[in-house]
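[1] below is the sequence, then the predicted model.
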Amino acid sequence: MIHNQFFEFVKREKNTPPLFLNKLKNGIYVLCIKEWNMDSFQFRMMWMPFKWLGRKLSFLNSKVMLGSLTVIYLIGLFCFMYEEMIPKQIDDNLHLLFAFIGMLLIIKSFSNRKDAMMAWYMVIASQFYILLSIAFLNDQYEYYEILLYVSGLLIAALTGFYCLRKLRSQERRIDLSDFYGYNYYHPKEGLLFLLSSLAFVGLPFTPTFIGVDLMFNHIDKDEFLLVGITSISFLVIEISVLRIYARLFLGPNKKIDHPISYRSS
């Protein structure tokens, strides 16, 4: 419009549209510039409920609770290996329990601001819970398919823990309450952690890319509840892991012994 004003200017005719239509047109134009406040709507209607629920799950931060979840998972693994010993009514619904626990862990990781190590642990634990739930549901989920997905998870998990431990030993502070810009002094750890995060997202260069497709392929089309829980988990995990990376490694570095560029510049 500015270009046309200067180079293709045409004088407006005197006959203007009615006042109401003019106001309506201008109002729609302003809304289009603001993208109809979709960012605000998405934040309020999608991410705020997840954050609210994550704050309500603060009991998951305790070491006792995390130890209990580990024990529950080991019991579930035992039940999976000896599934014929479980009553059919329990066996038919056990997969939903593990999928639900995995979803809660992801949501808690998404809202965690105190400790990046804890948030990373919850991401990893949630994936193993979801994997176990689908293995419970479908007896045709082959071991080599499970191992393919687990191999990608383990490599990404261990690499991420290595980066976080090294960062903690040198910088001390790795909470998620601010942006710390550690990429300035730790570019190698930043790159490794980014690759680990992308592995959890399931990018094509990782084993998890194929593993996720195979895993979803084994969910029955009538399992609407499991599809919903698993979809929410994989939606939030992408934001959760990249949020950890962004908070720790992006933004202006907190140390003041070198020039930094502020947002105002």
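    Nice, thanks for sending it over. Numbers count the residues shown, from 1 in each chain.
[2] low-scoring pLDDT stretches of the stretch 151-265 of the chain, where are they?
    Applying pLDDT under 70 to the stretch 151-265 of the chain flags residues 256-265.
[3] please repeat the previous calculation with a cut-off of 50.
    Across the stretch 151-265 of the chain, the ranges flagged by pLDDT under 50 are 265.
[4] the stretch 1-150 of the chain now?
    Within the stretch 1-150 of the chain, no stretch has pLDDT under 50.
[5] where along it do the helices fall?
    Per DSSP state H, counting those that start in this stretch, the stretch 1-150 of the chain carries helices over the ranges 2-7, 19-33, 38-42, 48-56, 63-81, 88-111, 116-137, 143-171.
[6] of all those, which lies closest to Arg243?
    Nearest to Arg243 among the helices of the stretch 1-150 of the chain is helix 88-111 (7.1 Å), distances taken as Cβ to Cβ. Where C-beta positions appear, they are placed from N, C-alpha and C, glycine not excepted.
[7] check which residues of that closest one are buried.
    Residues 91, 94-111 are the ones in helix 88-111 that count as buried (16 or more other Cβ atoms under 10 Å).
[8] can you state the direction angle for that helix and helix 116-137?
    Helix 88-111 runs at 160 degrees relative to helix 116-137, counting by axes from the mean of the first three to the mean of the last three Cα atoms, to 10 degrees.
[9] for helix 88-111, output the C-alpha coordinates as PDB.
    C-alpha atoms of helix 88-111 as PDB (Å, rounded to 0.1, in the frame of the first residue of the first chain):
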ATOM      1  CA  LYS A  88      -8.200 -60.300  31.000                       C
ATOM      2  CA  GLN A  89     -10.200 -57.400  32.400                       C
ATOM      3  CA  ILE A  90      -7.100 -55.800  33.900                       C
ATOM      4  CA  ASP A  91      -5.000 -56.600  30.800                       C
ATOM      5  CA  ASP A  92      -7.500 -54.900  28.600                       C
ATOM      6  CA  ASN A  93      -7.200 -51.600  30.400                       C
ATOM      7  CA  LEU A  94      -3.700 -51.600  31.700                       C
ATOM      8  CA  HIS A  95      -2.300 -49.900  28.600                       C
ATOM      9  CA  LEU A  96      -4.500 -46.800  29.200                       C
ATOM     10  CA  LEU A  97      -3.000 -46.500  32.700                       C
ATOM     11  CA  PHE A  98       0.600 -46.400  31.400                       C
ATOM     12  CA  ALA A  99      -0.300 -44.000  28.500                       C
ATOM     13  CA  PHE A 100      -2.000 -41.700  31.000                       C
ATOM     14  CA  ILE A 101       1.000 -41.600  33.300                       C
ATOM     15  CA  GLY A 102       3.200 -40.900  30.300                       C
ATOM     16  CA  MET A 103       1.000 -38.000  29.300                       C
ATOM     17  CA  LEU A 104       1.100 -36.500  32.900                       C
ATOM     18  CA  LEU A 105       4.900 -36.700  32.900                       C
ATOM     19  CA  ILE A 106       5.100 -34.800  29.600                       C
ATOM     20  CA  ILE A 107       2.700 -32.100  30.900                       C
ATOM     21  CA  LYS A 108       4.700 -31.700  34.100                       C
ATOM     22  CA  SER A 109       8.000 -31.500  32.100                       C
ATOM     23  CA  PHE A 110       6.400 -28.800  30.000                       C
ATOM     24  CA  SER A 111       5.500 -26.600  33.000                       C
END
